[in-house]
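Colleague: got a predicted structure here, sequence first:
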Amino acid sequence: ELKVEQNPLFLSMQEGKNYTIYCNYSTTSDRLYWYRQDPGKSLESLFVLLSNGAVKQEGRLMASLDTKARLSTLHITAAVHDLSATYFCAVDAQIQGAQKLVFGQGTRLTINP
Amino acid sequence: DVKVTQSSRYLVKRTGEKVFLECVQDMDHENMFWYRQDPGLGLRLIYFSYDVKMKEKGDIPEGYSVSREKKERFSLILESASTNQTSMYLCASNVPGKEAFFGQGTRLTVV
C-alpha cells in the first residue's frame, strides 16, 4: 500500500525566514504533485514534478523530486504572510492500470509578521 | 479553464438517510476521484473511477458507493448516513499522469 508522509505537519515561522517541507512516499513513482489549500477553500495545484531531479519554482516556492530517495521537498524562501496555507503533496500509484492519487496528511503553514 | 463542480457546498442530513453527492467535470477527463478530508487526517481516497461504469475502491470505501454512468459525472452515495460520515467531501478529476483539479468541496453534516 502506498503511504505518503509529510513533515512537519504544523509549521509556524516568521516572515523573511526560509524553511522546507518534506514529503516521503513508500513505493516507486515518478510523478508527484504539490497543492495548496486556503482555509475553507478547495485545493489548488502548485507544482507537477514528472521525473527524477525535477525542480520547479514559482515566486518564493521551489519544489524538487528525488525518485531514488522517494522524497520531494517544498522550499519556502523569505516567507511572506500570503503563503500561510495548508500544503499537500500527492503521489501517483498505478493499481491494475488505473491511476490512484494518494495524498500526504498536509502541512499547515502559518507565517507571522 | 478546467471546471469541477460539486452539487452542494453545504448539506445537512439525518442519520439513516440515503445521501447523493454529485460531481461534474467539463474537461473530458478519464479519471475522477472522491476524497474525504478530516482534520489531522489529510485527504483519504474513498473511490475512484478511470472510465465510464468503472470504479475502484480507495482506502476507506466502507459505507459508500459510487456511480459513473457518464464520463463527466461521478456520484458518491452514502447508503445510510451515519454521524461518523460528517466531513468535507472533495471531488477531483484528471487525465492520467497529469495534475488533478478539485471541486469546491461539500461540507456534509449528519445529525
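Modeller: Ah, there it is. Numbering: from 1, shown residues only, chains lettered A, B, ... in the order given.

Colleague: make it CA atoms for all contacts and neighbour counts henceforth
Modeller: Fine.

Colleague: could you report the neighbour count for the nearest residue to B:V111 once chain neighbours are set aside?
Modeller: Distances taken as Cα to Cα, 6 or more residues apart in numbering or on different chains put B:R14 closest to B:V111, at 4.9 Å, once the chain neighbours are dropped. Using other Cα atoms under 10 Å in any protein chain shown, the number of residues around B:R14 comes to 14.

Colleague: B:L11 too?
Modeller: Residues lying near B:L11 (other Cα under 10 Å) number 14.

Colleague: chain A versus that one, what's the distance?
Modeller: To chain A, B:L11 is 15 Å away according to Cα to the nearest Cα, to the nearest Å.

Colleague: then B:V24?
Modeller: As defined by Cα to the nearest Cα, B:V24 lies at a distance of 15 Å from chain A.

Colleague: dig out what the residue lying closest to that residue once chain neighbours are set aside forms beta bridges with.
Modeller: The shortest distance from B:V24 to any non-neighbouring residue, by Cα to Cα, 6+ apart, is to B:R73 (4.5 Å). Here B:R73 sits in beta bridges with B:V24, B:K70, going by DSSP bridges.

Colleague: what sits against B:R73?
Modeller: B:22-25 (Cα atoms under 8 Å, 6 or more residues apart in numbering or on different chains).

Colleague: closest to A:R31 out of the residues you listed?
Modeller: A:R31 lies nearest to B:Q25 out of these, by Cα to Cα, at 22.7 Å.

Colleague: which pLDDT value does the model give the closest one?
Modeller: B:Q25 carries a pLDDT value of 97.

Colleague: circling back: redo the contacts of B:R73 as JSON lines? Include neighbour count.
Modeller: What follows is these, written out as JSON lines (neighbours: other Cα atoms under 10 Å in any protein chain shown):
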{"residue": "B:E22", "neighbour count": "18"}
{"residue": "B:C23", "neighbour count": "26"}
{"residue": "B:V24", "neighbour count": "21"}
{"residue": "B:Q25", "neighbour count": "23"}
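
Colleague: now the element after the helix or strand harbouring A:S12, going C-ward?
Modeller: For A:S12, the host element (DSSP states H and E) is strand A:10-14. Beyond strand A:10-14 in the direction of the C-terminus, DSSP H and E gives the next helix or strand as strand A:19-25.

Colleague: okay, now the sheet partners of that next one, with direction.
Modeller: strand A:4-7 (antiparallel), strand A:71-76 (antiparallel).

Colleague: where does chain B dip in pLDDT?
Modeller: Along chain B, segments meeting pLDDT under 70 span B:1-2.

Colleague: who is the residue of it found nearest chain A paired with across the strands?
Modeller: Among the residues of chain B, B:G42 lies closest to chain A, at 3.9 Å counting by Cα to the nearest Cα. B:G42 has these beta-bridge partners by DSSP bridges: B:D38.

Colleague: same question, B:V12
Modeller: B:T109.

Colleague: do A:C23 as well
Modeller: According to DSSP bridges, beta-bridge pairing links A:C23 with A:Q6, A:S72.

Colleague: enumerate the residues of chain B near chain A.
Modeller: B:31, B:40-45, B:48, B:50, B:58, B:90, B:96-105 (Cα under 8 Å from any Cα of the partner chain).

Colleague: alright, that wraps it up for me.
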